[in-house]
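J.: Structure for this input, please:
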Amino acid sequence: MILHLLPEHRDGCSYHRIEVPMHNLNGFDLAATTMLDGITDDDLKKISLVVFNRDACIFDVDKQLSRLKRLKIPYVMDMDDFWELDKKHLLHKDFKNNVSHRITKLLKGAHGVTTTTPRLARKIDRYNKNVLVVPNALDASQPQFAPVNSKNPTPRFGWVGGVHHVEDLRLLLPAFEKIHKEDKVHIALGGFTNNDVYMVFDAWFSNRGTYQKYVRIPADDVYNYGKIYNQIDVALIPLCDNKFNSCKSPLKILEAGFKGKAVIVSRVAPYTDDFTDKEVLFVDSPADWYDSIMKLHNSPELLLNYSSALSERMADFEIKKVNVLREQFYTTIINGR
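T.: Take a look at the predicted model:
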């Protein structure tokens, strides 16, 4: 039996890297818990493998590692982000002082590590040689990822994301300045919540509340957030070129692609690793965002070509197809106990 750990309050990381993959595994009995502390040694001995992600850093790492070692239960850790954050990242100080050393300790003790990209795997290799790249993937059977036409009379260009993308969104500011002046393009901020960072984003998108072709799309939980894309036609995916971001996966492209949307993205890793100019519209500099937006705004045919080409690639990122890698990896570790 495989026991997987999930935080009490689900986030995108635990949803995409633990919950959905576990629910789509073949050939394993599964159990889930939020904490190991609530499980007795007798019950834990029935477990063949424990699987968790970086959220496990909230636990008493030394205590839990010692317990698993004493009971001879192997564990696999999943990592979907580089733990050495860029200095401008909102969580840089917290990770540097409180989180990074816990992550490396868990990596060193793991019987295996799964991760999202070859670039991140090379970072992990310093701490654990048994690393497997399992790309991010989505479950197309979930209603939130079903393709939906927005029914907007003219294309709406939207960004969907969280509060940790301040520097990434700054890349759009030159384009917004022109868009606000010309008053032609409909834009959206997806995932809005009423906090200080989102209010800054809101001011950028809305030109401090004066731009009438702007809408907020409220945030939703991990089981429904894909529906945010129902209200946009083109996903804007700006990403700064730095060491932390280069280790990310193209998850935002997958979300938009499964929903049947076209995307405009920064020409940086990880996006250049998996996609071509035929599938996504790449942007080379902040000054080019406006031209790329107008290119799709003015050509419905070109927009459709990009969305169709990207949708065709999504078969490579179906969770059941990708999960074969996990199943083989877990089996090898369990058999090697």
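
J.: For the chain, which segments are assigned as strands?
T.: Per DSSP state E, the chain has strands spanning 2-5, 30-33, 49-53, 75-79, 112-115, 131-133, 156-160, 186-192, 214-218, 234-237, 262-266, 281-283. These are given in chain order.

J.: Could you dump those strands into TSV with mean pLDDT and mean neighbour count added?
T.: For glycine as for every other residue, the C-beta is placed from the backbone atoms N, C-alpha and C. Listed next are those as TSV, based on pLDDT from 0 to 100; neighbours: other C-beta atoms under 10 Å:
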stretch	mean pLDDT	mean neighbour count
strand 2-5	88	21
strand 30-33	90	14
strand 49-53	92	24
strand 75-79	95	24
strand 112-115	97	24
strand 131-133	98	18
strand 156-160	98	23
strand 186-192	94	22
strand 214-218	96	18
strand 234-237	98	26
strand 262-266	98	24
strand 281-283	98	21
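
J.: would you list those in TSV and tack on distance to Glu327?
T.: Rendered in TSV, the data for the strands of the chain read as follows (distance: least, C-beta to C-beta, whole Å):
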stretch	distance to Glu327
strand 2-5	10
strand 30-33	12
strand 49-53	12
strand 75-79	12
strand 112-115	11
strand 131-133	11
strand 156-160	31
strand 186-192	32
strand 214-218	36
strand 234-237	31
strand 262-266	30
strand 281-283	34
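
J.: just so I know, which of those lies nearest Ser307?
T.: The closest approach between Ser307 and any of those, judged by C-beta to C-beta, belongs to strand 262-266 at 4.2 Å.

J.: what comes into contact with the closest one?
T.: Residues external to strand 262-266 that are found in contact with it (C-beta atoms under 8 Å, 6 or more residues apart in numbering): 157, 171, 233-241, 252-253, 256-257, 271, 275, 280-283, 289, 292-293, 296, 303-304, 306-307, 310.

J.: Okay, now the unreliable bits of this protein?
T.: Segments of the chain classed as low confidence (criterion: pLDDT under 70) are 8, 56-60, 85-99.

J.: can you list the domain ranges for it.
T.: The chain is divided into the following domains under automatic domain parsing: 2-137+318-335, 143-317.

J.: How about Leu296, nearest residue that isn't a chain neighbour?
T.: Leu303 (4.5 Å; C-beta to C-beta, 6 or more residues apart in numbering).

J.: which residues touch the one you found?
T.: By C-beta under 8 Å, 6+ apart, the contact list for Leu303 reads Pro155, Asp233, Val234, Ala262, Leu296.

J.: Setting aside sequence neighbours, what's the nearest residue to the second one?
T.: Ranked by C-beta to C-beta, 6+ apart and with sequence neighbours excluded, the top spatial neighbour of Asp233 is Pro155, at 4.0 Å.

J.: gap between the one you found and Val280?
T.: Computed as C-beta to C-beta, to the nearest Å, the Pro155 to Val280 distance reads 16 Å.

J.: Kindly report the same for Ser150.
T.: The spacing between Ser150 and Val280, counted by C-beta to C-beta, is 19 Å.
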